[in-house]
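Show me the folded form of this:
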Amino acid sequence: MSDVPAITKNMSEAITRTLPFLRRYARAVTGSQQRGDEWVRLCAEVAVRQPDLVAKMDDTKLGVFALFHRLQQPFGGLDEATEASTVSSRLKESLTEMAPLQRRMLLLTVLEGFTVADAAHILDIDIDTAERSLQEARRELQRVASVRILVIEDEAVIALDVADIVRNAGHEVVGIAATEKAAVDLARKHSPHLVLADIQLRGADSGISAVREIMRSMSVPVIFVTGYPERLLTGTQVEPAFVISKPFDPDLLRAAIAQALDTVSI
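Numbers count the residues shown, from 1 in each chain. Reported below is the predicted structural model:
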């Protein structure tokens, strides 16, 4: 009996480390920061009180995500309609309009890095169904309308790579900004449909501060990129609604753009 508290404590710490990633996924799959966080809180409470539900899996993250989806089965509500978009109707070809299974498979594999087999386990489906749903999701992403994107990134090499990914995904780069002032000026000049912003810019400049200034004159969805997403999604500060990790591949960017187009940013 003396070992039980230690095991519970270790499991609780492992669960806590997983929560930022679960919050990111929940927001993406629901299309709502508020509703996503509500489901995560429920999952966290169950996982901490009954760690054996997660401990059955060798991978804590896999166990927590599987529990998250098990909790949806009796309660439902994970895929309810999202809030009204501020983006024009021609841009409504979005990730939230995919079939729920397709959307979940795409986000689990591309956003969270699970294998197809692990994603199938999380969703309690067979691998053939999982692979088919993922292929359908990738095809659906090709239907996302082309949009104008402002890139805010101070590292020249990274900025050019990001711009190439954006263009190869079928979108237009209206400009690349390395400072807050340049970002605000480019946004006012080009009125982008979406902003892709690094968190930390040159010197004391901040991507988040640049976006806040941009949002004073326009409403535009924003995707933030960072090498450390878990440091942002802590629940203790103002958080961006959409966060992707560096480095990211074209499919992840397409998915992030599609989901961001249906909601407002921070």
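
Break the chain into its domains for me.
With automatic domain parsing as the criterion, the domains of the chain are listed as 1-80, 148-260.

most packed of those domains?
When you average the neighbours per residue for each of the domains of the chain (mean count of other Cβ atoms under 10 Å), domain 148-260 leads with a mean of 18. C-beta here means a position set from N, CA and C on the backbone, and glycine is covered the same way.

Between the domains of the chain, which one is closest to Thr109.
When the domains of the chain are ranked by distance to Thr109, counting by Cβ to Cβ, first place goes to domain 148-260 at 8.6 Å.

what's the average pLDDT for that closest one?
Confidence over domain 148-260 (mean pLDDT, whole number) is 82.

and that domain, how far out from the chain's middle?
On the basis of Cα atoms, centre = their mean, to the nearest Å, the separation between the geometric centre of domain 148-260 and that of its chain is 13 Å.

what's the span of stretch 173-181, first residue to last?
The separation between the terminal residues of stretch 173-181, taken as Cα to Cα, to the nearest Å, is 18 Å.

which residues in the stretch 1-150 of the chain form helices?
Taking DSSP state H, counting those that start in this stretch as the criterion, the stretch 1-150 of the chain carries its helices at 4-30, 33-49, 52-55, 60-75, 100-106, 116-123, 127-141.

Quick one: mean pLDDT for the first one?
When you say that, I think you mean helix 4-30. Rounded to a whole number, the mean pLDDT of helix 4-30 is 76.

Could you do stretch 71-82 as well?
56.

Repeat that for stretch 37-55.
Stretch 37-55 shows a mean pLDDT of 86.

secondary structure class for the residue nearest to Val151 when sequence neighbours are not counted?
With sequence-adjacent residues excluded and distances taken as Cβ to Cβ, 6 or more residues apart in numbering, Val151 is closest to Ile176, at 4.7 Å. Secondary structure of Ile176, reduced to three states by DSSP: H, G, I helix; E, B strand; the rest coil: strand.

List the contacts of Ile176.
151-153, 159-160, 163 (Cβ atoms under 8 Å, 6 or more residues apart in numbering).

what do you get if the cut-off is 7 Å, keeping everything else the same?
Neighbour list for Ile176: 151, 153, 159, 163 [criterion: Cβ atoms under 7 Å, 6 or more residues apart in numbering].

I'd like those laid out as a markdown table, including distance to Ala255 and secondary structure.
What follows is the contacts of Ile176, written out as a markdown table (distance: Cβ to Cβ, whole Å; DSSP: H, G, I helix; E, B strand; the rest coil):
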| residue | distance to Ala255 | secondary structure |
| --- | --- | --- |
| Val151 | 17 | strand |
| Glu153 | 19 | coil |
| Ala159 | 21 | helix |
| Ala163 | 18 | helix |
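
Of those, which pair is most distant in space?
Set against one another by Cβ to Cβ, the contacts of Ile176 have their most distant pair in Glu153 and Ala163, with a gap of 8.6 Å.

re the thing from before, quick one: the domains of the chain as a markdown table, columns for distance to Ala137 too.
What follows is these, written out as a markdown table (distance: least, Cβ to Cβ, whole Å):
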| stretch | distance to Ala137 |
| --- | --- |
| domain 1-80 | 12 |
| domain 148-260 | 8 |
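
mind checking which of these is nearest Glu131?
Going by Cβ to Cβ, the one of the domains of the chain nearest Glu131 is domain 148-260, 14.7 Å.

Ends of stretch 213-225, what's the gap?
One end of stretch 213-225 sits 18 Å from the other (Cα to Cα).

residues near Gln142, how many?
Residues contacting Gln142 under the criterion other Cβ atoms under 10 Å number 10.

now do Ile127
By other Cβ under 10 Å, the residues close to Ile127 number 13.

Over to the one 3 residues further on?
With neighbours defined by other Cβ under 10 Å, the count for Ala130 comes to 24.

Quick check: the residue nearest to it when sequence neighbours are not counted vs Arg254, distance?
The spatially closest residue to Ala130, leaving aside those adjacent along the chain, is Ala120, at 3.8 Å (Cβ to Cβ, 6+ apart). Relative to Arg254, Ala120 is positioned 22 Å away (criterion: Cβ to Cβ, to the nearest Å).

now swap in Leu108 and tell me
15 Å.
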